[in-house]
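K.L.:
Next comes the sequence, and after it the predicted model I'd like to discuss.
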Amino acid sequence: MESKLPDAGTTIFTVMSRMAQEQGAINLSQGFPNFDGPQALRDRVSYHLNHGHNQYAPLAGVPELTEQIAKKVLDLYSRPIDPQRELVVTPGATEAIYCAVTAVVHPGDEVIVLDPAYDTYAPCVQLNGGITRHIPMHYPDFRINWNQVKDAINTKTRLIMLNMPHNPSGSNWSENDIECLRDIVQGTDISLLSDEVYEHIVFDSHPHHSLLRYADLAERSFSIFSFGKTYHTTGWRVGYCIAPKHLMQEFLRVHQFINFSTNTPMQFALADFLRDCPQHHLALGGFYQRKRDLFCELLQASRLRFTPSAGTFFQLADYSEISDEVDTEFVARLTREHKVAAIPVSVFYAAPPDQRVIRFCFAKDEQTLRRAAERLAAI
Ligand SMILES: Cc1ncc(COP(=O)(O)O)c(C=O)c1O
């Protein structure tokens, strides 16, 4: 039988996390915190597990949660949304991305993907018979070349997949990016997938440019978020998608046959926490900025070169002063010999450029960051 994803191996995140474990290395590869989410939130999960909230949730999510999310979106992005018809709670952002792509991409449709791209994007397109058009962004600033995006658009272009703040580069958008995007899609029927899972992890007083802030862009967008990133609970698998009714109707048609609904006690707990502790997400940027600053300050003692991230919990580093190995070989040796695991950035490209750049996750406690940086400084 012919594979539907013939080029897909095991994801690099699994490969590197496994290698880190086997080698007893500090794991700065896969993007997850090594600390727990807020105690008050975990307490609410126990509460709901023990108070009868253990059956199927409604298709779009429990109303207590969808109403809290709608309130948050209004407060943060000044966008009123209908929590019944423009919002769906999903098992992580990952399922939302798959549903959004499946909702709009037909065989032969073209989808623009900006590389380096999160690893689920292209396979989602491929599984739907779509064709990916990859536009590269480059180290160190990873600016989007909007002229190239414009040139890639034709009558078959169905979707543009966007991610800001950006994994793996840690770059963020400016108002100019919004203007360029707006110019390009105006007058077309192209949809947008706006992956905003790091919406709250933005540094140095810069804003997050959610497409929800802009009525004309929101009208054609699936905006996708993750509670895993916001509450240090990536293993709970809860995210959500916001889209206008005409897109959400198609999204729901797919979602109902994939997962039907999302984990009930977690949804009730998240609803309570959003209501009772709205300051948590407002403090998240500062929380991760302190980790970025510590890690970057410690890395100054190494031969790695870097520009501090503008957002996310990832820091890229250029290792060309240390080695001219390709990044996949370098991370394997780094894990084996120096006991620090990282992610090679080339795997996020369809056509990897000639660069020597790796990604570290700094969502770790201070002691782990100090130990990792000490080892990196010794190379
Ligand atoms: C850019 C990006 N999108 C989506 C996801 C998936 O989020 P979730 O864990 O909520 O499925 C991640 C997780 O690392 C990510 O970095």
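P.N.:
Everything's here; your move.
K.L.:
In space, what's closest to the residue in the stretch 51-200 of the chain positioned nearest to the ligand - neighbours in sequence excluded?
P.N.:
Closest approach between the stretch 51-200 of the chain and the ligand, counting by Cβ to the nearest ligand atom: residue 92, at 2.8 Å. Any C-beta I mention is one placed from the backbone N, CA and C, and that applies to glycine too. Counting by Cβ to Cβ, 6 or more residues apart in numbering, residue 92 lies nearest to residue 237, which is 4.3 Å off, once chain neighbours are set aside.
K.L.:
number of nearby residues for that neighbour?
P.N.:
Here the number of neighbours of residue 237 (other Cβ atoms under 10 Å) works out to 19.
K.L.:
picking up where we left off before, residues contacting the residue of the stretch 51-200 of the chain closest to the ligand?
P.N.:
By Cβ atoms under 8 Å, 6 or more residues apart in numbering, the contact set of residue 92 is 226, 228, 237-239.
K.L.:
care to break this protein down by domain?
P.N.:
Domain ranges of the chain: 12-30+283-377, 55-277, per automatic domain parsing.
K.L.:
Of these, which is nearest residue 45?
P.N.:
Residue 45 sits nearest to domain 55-277 of all these, at 4.2 Å, using Cβ to Cβ.
K.L.:
near the ligand, which residues of the protein show up?
P.N.:
31, 92-94, 118, 163, 167, 195, 197, 226, 228, 234, 239 (Cβ under 6 Å from any ligand atom).
K.L.:
Now with 5 Å, please.
P.N.:
By the rule Cβ under 5 Å from any ligand atom, the part of the chain lying against the ligand is 31, 92-94, 118, 163, 167, 195, 197, 226, 228, 239.
K.L.:
now the domains of the chain in JSON lines, with mean pLDDT and distance to residue 43?
P.N.:
Formatted as JSON lines, those follow (pLDDT from 0 to 100; distance: least, Cβ to Cβ, whole Å):
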{"stretch": "domain 12-30+283-377", "mean pLDDT": "96", "distance to residue 43": "19"}
{"stretch": "domain 55-277", "mean pLDDT": "97", "distance to residue 43": "8"}
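K.L.:
between these, which one is nearest to residue 42?
P.N.:
If you check each of the domains of the chain against residue 42 by Cβ to Cβ, domain 55-277 wins as the nearest, at 7.9 Å.
K.L.:
Centre of the chain to the closest one, how far?
P.N.:
Put simply, domain 55-277 sits 9 Å off its chain's centre (Cα atoms, centre = their mean, to the nearest Å).
K.L.:
ditto for stretch 36-56
P.N.:
Mean C-alpha position of stretch 36-56 versus that of the full chain (Cα atoms, centre = their mean) differs by 25 Å.
K.L.:
Can you mark which positions in that stretch are buried?
P.N.:
Using 16 or more other Cβ atoms under 10 Å as the test for burial, stretch 36-56 gives 37, 41-42, 44-45, 48, 53.
K.L.:
and residue 194, that's in a strand?
P.N.:
Yes. According to DSSP: H, G, I helix; E, B strand; the rest coil, residue 194 belongs to a strand.
K.L.:
That one pairs with what?
P.N.:
Beta-bridge partners of residue 194, counted by DSSP bridges, are residue 162, residue 223.
K.L.:
pretty sure it is in contact with residue 214, am I right?
P.N.:
No. In terms of Cβ atoms under 8 Å, residue 194 does not count as a neighbour of residue 214; the distance is 10.3 Å.
K.L.:
These two - which one has more neighbours?
P.N.:
residue 194 (27 against 17).
K.L.:
By neighbour count, which of the contacts of residue 92 wins?
P.N.:
Most surrounded of these: other Cβ under 10 Å gives residue 238, at 26 neighbours.
K.L.:
can you tell me which residues contact the residue nearest to it when sequence neighbours are not counted?
P.N.:
In space, and not counting its chain neighbours, residue 238 is closest to residue 227: 4.5 Å by Cβ to Cβ, 6+ apart. Residues in contact with residue 227 (Cβ under 8 Å, 6+ apart) are 233, 236, 238-240, 270.
K.L.:
for residue 227, phi and psi?
P.N.:
phi -70, psi -20 (degrees, to the nearest 10).
K.L.:
if we can go back for a sec, how much space between the residue nearest to residue 92 and residue 374?
P.N.:
Distance, residue 237 to residue 374, by Cβ to Cβ, to the nearest Å: 34 Å.
K.L.:
on that earlier part again, could you tell me which of the residues of the chain next to the ligand belong to helices?
P.N.:
Judged by DSSP state H, these include 92-94, 228 as members of helices.
K.L.:
As a check, name the ranges of all strands in this protein.
P.N.:
For the chain, applying DSSP state E gives strands covering 26-27, 87-90, 110-115, 131-136, 157-163, 191-195, 221-226, 239-242, 314-318, 340-341, 343-344, 357-361.
K.L.:
helices and strands around the longest one, which ones?
P.N.:
The reference is to strand 157-163. If contacts are counted by 3 or more Cβ pairs under 8 Å, 6 or more residues apart in numbering; DSSP states H and E, strand 157-163 sits against helix 92-104, strand 110-115, helix 175-185, strand 191-195.
K.L.:
closest point of the stretch 251-379 of the chain to the ligand, which residue?
P.N.:
residue 312 (7.4 Å).
K.L.:
number of nearby residues for that residue?
P.N.:
There are 29 residues near residue 312, going by other Cβ under 10 Å.
K.L.:
how near is it to residue 364?
P.N.:
Counting by Cβ to Cβ, the gap from residue 312 to residue 364 is 14 Å.
K.L.:
give the contact list for the residue nearest to residue 233 when sequence neighbours are not counted.
P.N.:
Spatial nearest neighbour of residue 233, excluding adjacent residues (Cβ to Cβ, 6+ apart): residue 37 at 4.3 Å. Going by Cβ under 8 Å, 6+ apart, residue 37 touches 231-233.
K.L.:
now residue 104
P.N.:
By Cβ under 8 Å, 6+ apart, residue 104 lies in contact with 158-159, 191, 247, 250.
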